[in-house]
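J.: turn this into a model:
(one chain, ligands or ions: 3)
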Amino acid sequence: MLTIGCHLSSAKGYTAMAKEAEKINANTFQFFTRNPRGGKAKAIDPKDVEQFHLEASRLGIQKILAHAPYTLNACSPDEKVREFAYNTMADDLKRMEYTPGNCYNFHPGSHVKQGAEKGIELIAELLNNILRPEQSTTVLLETMAGKGSEIGRTFEELARIYDGVNYNDKLRVCFDTCHTSDSGYDIVGHFDDVIDEFDRIIGKDQIAVFHINDSKNPRGAQKDRHENLGFGNLGFDALNYIVHHPDFENVPKILETPWIPSKANPKKSYAPYKYEIEMLRSGKFDPDMKTRILKDSENQAGA
Ligand code: FE
Ligand code: FE
Ligand code: ZN
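T.: Ligands and ions are numbered 1, 2, ... in the order given. Modelled structure (predicted):
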C-alpha cells in the first residue's frame, strides 16, 4: 500500500494533523517542529500525543516526519549559528521521543565560503555531539538543490557525512525529487540509473523518505523552487514512476508543493494535496487540477 502524505501545519498539534491527513486521504505527514524561520517550540501536550496515537492506529498512520527549521545551519562559519543548530536539534530530538520511532529531517547546511570539506566536517561534528545510541528517532539528511553553498547537492557529500558520524546507523536520507533534479541528476529520463548510483555511493536502503515535488526549473538549475505535480520540469509521469517504484514500495512519500493562489482574493491560497494525492493514487494526471482546486475551494468558502 502506498504511504503518502504532505506537509501539514503543526499549529494545532498532532491529533489535528492526523485528522487533516484523513480528510485528504493521506496516511503519513510532515510538520515543522517549530517556526521554520527559527524560534522557540511549543511545549508538547501529552494528552494530544496520547489522542494522536489512537487516531494514528485508527487511520493506519505508521510513520510521521518532522522537519527542522530552515535557519538551522550545522556548518555555518558563525559559532553562534552552529550553537543554535545544536540547541535546536537536541531539543527537537528530545521532543521526538514523545512519538517514538519516527524521522527527523534537516537540511545539512551551507558552508558559506569555508568549502565543502570543512562544511561536511562541521555537520559530522554536530551529529556526533547529538546522536545517542538509545534514541528511537532516525535523523534524515535531505538531498539538496545546490543553491548557494549548500552541502548535500551530491550523493558523495552525503556519504562523507555518514563516514564522519559515529552512530551513523541513526542516519538515513530524505530524497527530494525537486532538489535532486535541480542539482543535476536526471531523475526524469534515468531514475533507475540515478538510483543505481545512489546505491553504489550510499545504499538505496538508506532512503527513508521521498519528498515528491515538481520543479519550476530545468535540471541542474540549482534553484530549489517547487512546483505542483505535473506542472513543472519533471512532469507527472516521472514523479508517478518514482512514487510507484517497486524498490521503494514501503518508503513514505511526502508532498511539499505550493498552494494555489486564489484569483478572487490575492491574500488567499488553497492546499493542493488532496488533489495531488488523488492523482498519484490513481496514477492519472489531471491538467485541470489547479482550476478544479480554485472552483471547489471557492465554492466551499462561499457556501
Ligand atoms: Fe526540506
Ligand atoms: Fe524537501
Ligand atoms: Zn526545496
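
J.: state the distance from residue 122 to residue 20.
T.: 37 Å (Cβ to Cβ, to the nearest Å). The C-beta positions use only the backbone N, C-alpha and C, and glycine is treated the same way.

J.: do residue 38 as well
T.: From residue 38 to residue 20 the distance is 24 Å (Cβ to Cβ).

J.: which of those two has more neighbours?
T.: residue 20 (18 against 12; other Cβ atoms under 10 Å).

J.: doesn't residue 66 make contact with residue 254?
T.: No: Residue 254 is beyond contact range of residue 66, at 11.2 Å (criterion: Cβ atoms under 8 Å).

J.: the helix or strand bottoming out on mean pLDDT in the chain: which residues count as buried?
T.: Every helix and strand in the chain was compared by mean pLDDT, DSSP states H and E; the lowest is helix 289-302, with a mean of 88. For helix 289-302, a neighbour-count test (16 or more other Cβ atoms under 10 Å) marks 289-290, 293-294, 297-298 as buried.

J.: quickly list what residue 32 is bridged to.
T.: Beta-bridge pairing of residue 32 under DSSP bridges involves residue 67.

J.: and it, what pLDDT?
T.: Residue 32 is assigned a pLDDT of 96 by the prediction.

J.: what residues does the stretch 51-200 of the chain have near ligand 2?
T.: By Cβ under 5 Å from the ion, the residues of the stretch 51-200 of the chain that approach ligand 2 are residue 176.

J.: for the stretch 51-200 of the chain, what spans make up the helices?
T.: In the stretch 51-200 of the chain, helices defined by DSSP state H, counting those that start in this stretch lie at 79-96, 116-130, 155-164, 177-182, 191-201, listed in chain order.

J.: on contacts alone, who are the packing partners of the fourth one?
T.: What it means is helix 177-182. strand 207-212, strand 214-215 (3 or more Cβ pairs under 8 Å, 6 or more residues apart in numbering; DSSP states H and E).

J.: give me whichever of those strands is most buried.
T.: Of all the helices and strands packed on helix 177-182, strand 214-215 has the most neighbours on average by mean count of other Cβ atoms under 10 Å, namely a mean of 26.

J.: what residues does the stretch 201-303 of the chain put near ligand 2?
T.: residue 211.

J.: residue in the stretch 51-200 of the chain nearest to ligand 2?
T.: Nearest to ligand 2, among the residues of the stretch 51-200 of the chain, is residue 176, at 3.8 Å (Cβ to the ion).

J.: ok, and the closest non-adjacent residue to that residue?
T.: residue 211 (3.8 Å; Cβ to Cβ, 6 or more residues apart in numbering).

J.: again with residue 241
T.: Counting by Cβ to Cβ, 6+ apart, the residue nearest residue 241 is residue 191, at 6.3 Å.

J.: quick check: the one you found touching residue 238?
T.: Yes: counting by Cβ under 8 Å, residue 238 is a contact partner of residue 191 at 6.9 Å.

J.: for the closest residue in space to residue 121 that isn't next to it in sequence, the count of nearby residues, please.
T.: Excluding the flanking residues, the one nearest residue 121 by Cβ to Cβ, 6+ apart is residue 164, at 6.7 Å. A count of nearby residues for residue 164, using other Cβ under 10 Å, gives 15.

J.: you'd agree residue 164 is up against residue 118?
T.: No: at 11.8 Å, residue 164 does not count as touching residue 118 under the criterion of Cβ under 8 Å.

J.: for the most centrally placed residue in the chain, give me its contacts.
T.: Closest to where the C-alpha atoms of the chain average out (Cα atoms, centre = their mean) is residue 211, at 4.9 Å. Contact analysis of residue 211 by Cβ atoms under 8 Å, 6 or more residues apart in numbering lists 142, 174-179, 254-256.

J.: one more: residue 28?
T.: Residue 28 touches 3-5, 21, 61-65, 252-254, counting by Cβ under 8 Å, 6+ apart.

J.: repeat that for 7 Å
T.: 3-5, 61, 63-64, 252, 254 (Cβ atoms under 7 Å, 6 or more residues apart in numbering).
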